[in-house]
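[1] what follows is a predicted protein model with its sequence.
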Amino acid sequence: MANTISNPELAAQLAALDQLTNWEQRPRGGMRVGLEPMLDLAGRLGNPERAYRIIHVAGTKGKSSTCALLAAGLIRAGYKVGRYSSPHVVHIGERITLNGQPVSEADLAAALGQTLDALRAARAEGSAGRDATWFDVLTATAFLIFMRAGVQWTVIETGLGGRLDSTNIVESEAAIITNIELEHTEVLGKTRAAIASEKAGIIKPGSLAITPLAEADEAGAVIASRAQQLGATLIRPAIPDDAGIEERNAALAGAVLDALGIGDGKLAFGAALLDPATREAARLPGRLETFMTKVRREAGLATVHVALDGAHVPFNLAAVMTDLGKQAAFAGPCIAVVSFAEDKDALGLLSVLAHHQVSIIFTVASGRSRSPSELSAMARQLGLSSEIEPDPRRAYHKALGRAATSGAWVLVTGSLYLVGAIEANGKA
């Protein structure tokens with residue numbers, strides 16, 4: 001993931017952070033999960049996660065966008081708000097925002113330095129914190145930043161799963177589970193019910209539990225059972241089946257704000273807070289991001305429509321293609337620049353693309369990317385035309401050039417790391 005840093009102190013702290021195990025960059029098969037290192041680090045930092053009210057968000061997809069909408073709604077209601085989400089697309093500060101703005105490099109450096117000091121102390125004493133991962137340390141850093149900033153609410157996105165995710169040391173007032181599909185099965189379980197059990201682990205006793213999943217659904221039934229066991233109030237917002245991605249996320253966030261309004265009276269009519277301007281302010285890079293760019297060719301400049309979305313599970317990619325297809329600019333032939341991580345359902349993702357007028361340029365987004373040659377072989381089996389360009393920027397510019405000549409549009413998808421490579425170097 002792109003990460004241009006201008007602050008020398010932050011660069012040094014990030015170099016130290018990068019010495020730790022980072023499961024975002026490694027195969028997940030041997031992943032260690034557990035809360036003990038986080039609890040130790042948080043205790044050494046004064047338990048900053050207890051200093052503000054919390055909404056906790058889990059789910060297979062839509063977490064980051066739902067978090068951004070919730071934060072934007074709370075800000076509009078007059079609160080000082082922190083948001084923690086992952087991954088970032090261009091700058092690591094995107095993961096930790098204060099009132100909608102990425103944390104400053106100076107503030108991030110100061111808090112990260114204190115958290116790394118806590119890690120060193122844990123190592124010296126041999127306590128649980130000695131085993132903290134990259135994500136543990138960054139999560140503790142976020143909690144510390146929020147406490148120092150004096151926020152009133154934070155919206156926290158889980159990294160992976162829920163029950164044993166690093167974020168789950170918080171005592172949240174509301175737990176949201178956006179959806180459940182098969183992902184990270186080597187860590188979370190092989191069925192939607194098993195994965196739901198892990199994600200439902202963020203529900204706290206006596207809190208609110210919000211999900212659009214029906215009780216008749218196997219994952220929805222697990223969430224309902226967990227809520228009942230904990231005496232949590234279960235809320236199921238009614239979202240039309242044909243709602244687009246943005247509409248679904250906004251409906252879910254609005255239902256949460258409304259539910260919280262019942263509790264304290266301050267957020268009454270919470271859904272009304274998410275007006276068009278607030279929803280626009282909550283947009284995130286690489287999530288249904290569309291724009292036009294000019295491409296030079298022999299006959300002059302041509303306009304090419306481009307969509308960036310890091311969709312990496314089949315149901316989400318299908319939703320992206322459906323939503324884009326509703327716009328005239330994205331209804332015709334498509335040239336897709338694609339990279340999938342090794343642990344993703346590549347065949348399922350390619351099967352989605354096979355239902356559209358898509359030709360593919362396979363590339364490499366990170367050290368976890370699946371071999372483009374393997375993906376190309378899968379594409380051939382599905383009747384998809386494809387080629388390979390390992391360098392993502394060259395792949396993108398090749399797609400733009402072909403689109404300018406043929407009148408196609410360009411899609412960059414399969415990985416937020418891939419989207420980050422395009423965003424970081426300019427999208428023209």
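    Arrived safely, thanks for sending. Numbering: from 1, shown residues only.
[2] CA only for contacts and neighbour counts going forward, please
    Fine.
[3] residue ranges with poor pLDDT in the stretch 301-428 of the chain?
    By pLDDT under 70, the low-scoring segments of the stretch 301-428 of the chain are 425-428.
[4] all strands of it, in order?
    Taking DSSP state E, counting those that start in this stretch as the test, the strands found in the stretch 301-428 of the chain are 334-338, 358-362, 386-388, 409-413.
[5] how does the protein divide into domains?
    The record assigns the chain these domain ranges, following automatic domain parsing: 8-281, 289-424.
[6] export those domains to CSV and append columns for mean neighbour count.
    CSV is the format used below for these (neighbours: other Cα atoms under 10 Å):
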stretch, mean neighbour count
domain 8-281, 20
domain 289-424, 19
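[7] you'd agree residue 285 is up against residue 89?
    Yes. Shown here, residue 285 and residue 89 form a contact pair, counting by Cα atoms under 8 Å, at 7.0 Å.
[8] out of the strands of the stretch 301-428 of the chain, flag the one nearest residue 74.
    strand 409-413 (30.5 Å; Cα to Cα).
[9] which strands and helices lie in contact with that closest one?
    Judged by 3 or more Cα pairs under 8 Å, 6 or more residues apart in numbering; DSSP states H and E, strand 409-413 is in contact with strand 300-309, strand 334-338, helix 392-406, helix 416-424.
[10] just put those in a markdown table and tack on distance to residue 157.
    A markdown table is the format used below for the helices and strands packed on strand 409-413 (distance: least, Cα to Cα, whole Å):
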| stretch | distance to residue 157 |
| --- | --- |
| strand 300-309 | 19 |
| strand 334-338 | 26 |
| helix 392-406 | 28 |
| helix 416-424 | 16 |
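[11] which stretch among the ones you listed comes nearest residue 376?
    It's strand 334-338; of the helices and strands packed on strand 409-413, that one is closest to residue 376 (Cα to Cα) at 10.5 Å.
[12] closest to residue 52 out of the helices and strands packed on strand 409-413?
    Of all the helices and strands packed on strand 409-413, it is helix 416-424 that lies closest to residue 52, at 29.9 Å by Cα to Cα.
[13] contacts for that closest one, please.
    1-2, 87-90, 286, 308-311, 338-339, 364-366, 392-393, 396, 412-413 (Cα atoms under 8 Å, 6 or more residues apart in numbering).
[14] same question for stretch 135-147.
    Counting by Cα under 8 Å, 6+ apart, residues outside stretch 135-147 touching it are 17, 22-23, 37-38, 41-42, 45, 48-49, 51-52, 82, 84, 96, 98, 107-108, 111-112, 115-116, 119, 154, 166-167.
[15] now do 6 Å
    Among residues not part of stretch 135-147, those counted as contacts by Cα atoms under 6 Å, 6 or more residues apart in numbering are 38, 48-49, 51, 111-112, 115, 166.
[16] how about the residues you listed in TSV, adding distance to residue 372 and secondary structure?
    Listed next are these as TSV, based on distance: Cα to Cα, whole Å; DSSP: H, G, I helix; E, B strand; the rest coil:
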residue	distance to residue 372	secondary structure
38	37	helix
48	44	helix
49	42	helix
51	47	coil
111	39	helix
112	36	helix
115	39	helix
166	32	coil
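[17] what is the nearest of these to residue 205?
    Of the contacts of stretch 135-147, the one sitting nearest to residue 205 (Cα to Cα) turns out to be residue 49, at 17.2 Å.
[18] distance of that closest one from residue 130?
    Using Cα to Cα, to the nearest Å, we find residue 49 at a distance of 20 Å from residue 130.
[19] picking that back up, for residue 370, which of the helices and strands packed on strand 409-413 is the nearest?
    Of all the helices and strands packed on strand 409-413, strand 334-338 sits nearest to residue 370, with 10.5 Å by Cα to Cα.
[20] name the helices or strands packed onto that closest one?
    Packed against strand 334-338 by the contact rule (3 or more Cα pairs under 6 Å, 6 or more residues apart in numbering; DSSP states H and E) you find strand 358-362, strand 409-413.
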